[in-house]
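Novice: one predicted model, sequence on top.
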Amino acid sequence: MSDATPRIALVGAGSRGEPLLRALADVGALAAVCDLDPDVRARFPDVRTTDDYLALLADPAIDAVVLATPTGSHDGMAQAALEAGKHVLVEGLLGVHADAAAELVALAERRGRVLQAGAGLRFDAALVAFRVAAATIGALRYVHAEALAPRRERRDDAAVFSFAPELVGLVLALAGERPEWIRTQAAGIRDGDVADVTFTGLGFPAGLRAHVHVSWMHPLRSLRVVATGDEGTVLLQDGLVTRYVGDEGAPVAVDAPDAARAACARFLEALERGRSDDARHDVAVLRVVEAAQRSLDEDRAVHPASKAPEKATERPGVRLHATVAVDGDVDIGEGTSIWHFSKLLGPCRIGKNCTFGQNVVVERHVTVGDNVKIQNNVSVYSGVILEDDVFCGPSMVFTNVGTPRSGFPRKGQYTTTLVKRGASIGANATVVCGHTLGRYCFVGAGAVVTRDVPDYALVYGNPARLRGWACFCGATLPFGTSPGESEAGVCPDCGRRYAREGHVVRELDAAG
């Protein structure tokens, strides 16, 4: 980076993003705000605002992005930013899967970009003081960390995946090493299928034992952490830190900046240095959290470095991870690989040489062609047809009902969405049902498709609009978008020849 203050765009300006926005503005680094909600954008009249994430990434005036969007979108949006040459700060965790987080770290290293994660408990003022005090009580022997919250904050995933990652990150920072075993037990109080209360024990090679307790069943929000060492105990409760030696307790000063300012300051320092190790810490945290869930599922102690064994399959040439669920008649072509926590509901057909990332759902009556790539966190609903060579980016969304109502279900009344051969759909895009995406079209990251997309068209924005044209190889074609024009041209990358008549582009001398 140069000596000039970097130009940073904040993506997501809701309750999670606003503290980061203020911190960036105070140091003169805030260059733009990106949010899909026009009411949110209207709150910042003195700052450049947009709803077009792809256009933001294409802007050479933007050096870095800060993602304050939901955790499930982090890996896809961070990947798009890194591939566009931007540095990235993620508020919270890098994502929900350790392997995807590790891939992001590797991508950042290949591209020479800074990738930093964490603006929550890692930079909380009281916890910073707690970690400093814990370093003064000798070798740590025991750590107890608990986060409790009212029932109304409960979600549909297990409690171990809500509060526990932050607490696990704290425990790993205190321990300075990885645990050698993890054991999780839980109770589903409100719903037996969802763990409202979890208890996770961790054992470390140097002898430290830790206990992490999270719950949605507590009447009041509470965070409490206790660390006991050879020479004393440190307690964090109600934002206050106390150091005990014997029966004597002394308050510890809490004078660090607030979490958002501290996270932004660390990000700016990392940009100056050209590197940050924070993201690697996130990968380690996610490995432990996934092991905690595996311990819960298998009802035994597990090692965080171990993984569930590959599933032996009766489908020749097909690779299914052990966590893939197959329900019903599912036809899977040879050479296809399907990864962690994906679910296939038959009857459906999946072609040859496809690759599905983590947490992909394919529902009944879906047809997927050959050589289709579906990235993490994508659901392909009934009514969707994907032809050969289609690419679906991380966390993009298909719909299949135009007017959904919880109280008036339209099950079976699904509207068909056709994605033709070679089309590419970017990360976090949404395709409203009932439309056709043309052959080799390109839908930009974050776009919302509300109408048919012509063959070879490049569209992005909300709603997605025609911005140009893309070659078979993905390169931008040198064509305009006026409906009354005719022109011919050659792809600058692969040399294919094309002709355009208004909004119809065709490849000259194409085989099919």
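Specialist: On my side now, so go ahead.
Novice: what is the end-to-end distance of stretch 57-69?
Specialist: Length of stretch 57-69, first residue to last, CA to CA, to the nearest Å: 16 Å.
Novice: just the buried residues of that stretch, please?
Specialist: 57, 59, 62-69 (16 or more other CB atoms under 10 Å). From N, CA and C alone the C-beta is placed, and that goes for glycine too.
Novice: just the element for the residue nearest the centre of the chain, please.
Specialist: Nearest to the mean C-alpha position of the chain, by CA atoms, centre = their mean, lies His74 at 2.7 Å. Take DSSP states H and E as the rule and His74 turns out to sit in helix 74-83.
Novice: which helices and strands does that helix pack with?
Specialist: helix 53-58, strand 64-67, strand 87-90, helix 98-111 (3 or more CB pairs under 8 Å, 6 or more residues apart in numbering; DSSP states H and E).
Novice: make a markdown table from these and add distance to Ala423 and mean pLDDT to it.
Specialist: Below are these laid out as a markdown table (distance: least, CB to CB, whole Å; pLDDT from 0 to 100):
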| stretch | distance to Ala423 | mean pLDDT |
| --- | --- | --- |
| helix 53-58 | 16 | 90 |
| strand 64-67 | 26 | 94 |
| strand 87-90 | 27 | 93 |
| helix 98-111 | 23 | 88 |
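Novice: distance of Lys352 from Phe341?
Specialist: Going from Lys352 to Phe341 by CB to CB, to the nearest Å gives 23 Å.
Novice: Gly484 is in contact with Arg500, correct?
Specialist: No - with contact defined as CB atoms under 8 Å, Arg500 does not count as touching Gly484 (11.2 Å).
Novice: who's more crowded, those two?
Specialist: Arg500 (20 against 6; other CB atoms under 10 Å).
Novice: does the more buried one count as helix, strand or coil?
Specialist: strand (DSSP: H, G, I helix; E, B strand; the rest coil).
Novice: wait, what's in contact with it?
Specialist: Taking CB atoms under 8 Å, 6 or more residues apart in numbering, we find Arg500 in contact with 469, 479-480, 485-489.
Novice: related to what we said a few turns ago, in the helix holding His74, which residues are buried?
Specialist: In helix 74-83, counting by 16+ other CB under 10 Å, buried: 74-82.
Novice: any idea how far stretch 246-253 is from the chain center?
Specialist: 41 Å (CA atoms, centre = their mean, to the nearest Å).
Novice: how about the longest helix along the chain: buried residues?
Specialist: Longest helix of the chain, by residue count under DSSP state H: helix 278-298. For helix 278-298, the neighbour count (16+ other CB under 10 Å) marks 278-279, 281-296 as buried.
Novice: and Arg467, what helix or strand is that in?
Specialist: Here Arg467 sits within strand 465-469, counting by DSSP H and E.
Novice: picking that back up, what angle sits between the longest helix of the chain and helix 74-83?
Specialist: 150 degrees (axes from the mean of the first three to the mean of the last three CA atoms, to 10 degrees).
Novice: next structured bit after helix 278-298?
Specialist: strand 319-320.
Novice: next structured bit after that next one?
Specialist: strand 325-327.
Novice: just name whatever secondary elements that following strand is in contact with.
Specialist: Against strand 325-327 (3+ CB pairs under 8 Å, 6+ apart) you get strand 343-345.
Novice: by contact count, what packs against the helix or strand following the strand it packs on?
Specialist: Using DSSP H and E, the next helix or strand after strand 343-345 towards the C-terminus is strand 348-350. Identification of packing neighbours for strand 348-350 by 3+ CB pairs under 8 Å, 6+ apart yields strand 330-332, strand 367-368.
Novice: pairing partners for strand 348-350, with directions?
Specialist: strand 330-332 (parallel), strand 367-368 (parallel) (DSSP bridges).
Novice: who touches it?
Specialist: 328, 330-333, 336, 344, 362-368, 372.
Novice: buried ones among those?
Specialist: Here, 16+ other CB under 10 Å leaves 330, 332-333, 336, 344, 362-368, 372 buried among the contacts of strand 348-350.
Novice: pLDDT of stretch 123-135, averaged?
Specialist: In this model, stretch 123-135 carries a mean pLDDT of 87.
Novice: and it, which residues are buried?
Specialist: 123-131, 133-134.
Novice: any chance of those in JSON lines, plus distance to Gly201 and secondary structure?
Specialist: Formatted as JSON lines, these follow (distance: CB to CB, whole Å; DSSP: H, G, I helix; E, B strand; the rest coil):
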{"residue": "Phe123", "distance to Gly201": "27", "secondary structure": "helix"}
{"residue": "Asp124", "distance to Gly201": "24", "secondary structure": "coil"}
{"residue": "Ala125", "distance to Gly201": "28", "secondary structure": "helix"}
{"residue": "Ala126", "distance to Gly201": "24", "secondary structure": "helix"}
{"residue": "Leu127", "distance to Gly201": "21", "secondary structure": "helix"}
{"residue": "Val128", "distance to Gly201": "26", "secondary structure": "helix"}
{"residue": "Ala129", "distance to Gly201": "26", "secondary structure": "helix"}
{"residue": "Phe130", "distance to Gly201": "21", "secondary structure": "helix"}
{"residue": "Arg131", "distance to Gly201": "21", "secondary structure": "helix"}
{"residue": "Ala133", "distance to Gly201": "24", "secondary structure": "helix"}
{"residue": "Ala134", "distance to Gly201": "19", "secondary structure": "helix"}
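Novice: looking at these, spot the one nearest Ala464.
Specialist: Closest approach between these and Ala464, by CB to CB: Phe123, at 36.8 Å.
Novice: give the contact list for that closest one.
Specialist: Taking CB under 8 Å, 6+ apart as the definition, contacts of Phe123 comprise 256, 259-260, 262-263, 266.
Novice: quick one: which of these is most hemmed in?
Specialist: Ala263 (26 neighbours).
Novice: residue contacts, it?
Specialist: 20, 23, 89, 91, 116, 118-119, 122-123.
Novice: point out where the stretch 151-300 of the chain drops to low pLDDT.
Specialist: For the stretch 151-300 of the chain, residues meeting the criterion pLDDT under 70 lie at 151-163, 188-195, 256-257, 277.
Novice: how near is Arg364 to His435?
Specialist: Counting by CB to CB, the gap from Arg364 to His435 is 21 Å.
Novice: err, Leu208, not the other one
Specialist: 56 Å.
Novice: again with Val143
Specialist: Val143 is 53 Å from His435, by CB to CB.
Novice: between these two, who's got more neighbours?
Specialist: More neighbours surround Val143 than the other of Val143 and His435, with 24 against 17 (other CB under 10 Å).
Novice: what strands flank the helix or strand hosting that one, and is each parallel or antiparallel?
Specialist: Assigned by DSSP H and E, Val143 falls within strand 140-148. If you go by DSSP bridges, strand 140-148 pairs up with strand 209-215 (parallel), strand 222-229 (antiparallel).
Novice: relative to Ala475, which of these is closest?
Specialist: Comparing the strands paired with strand 140-148 by CB to CB, strand 209-215 comes nearest, at 48.5 Å.
Novice: hmm, who's touching the closest one?
Specialist: For strand 209-215, contacts defined as CB under 8 Å, 6+ apart pick out 141-149, 159-160, 162-164, 167-168, 171, 175, 179, 196-204.
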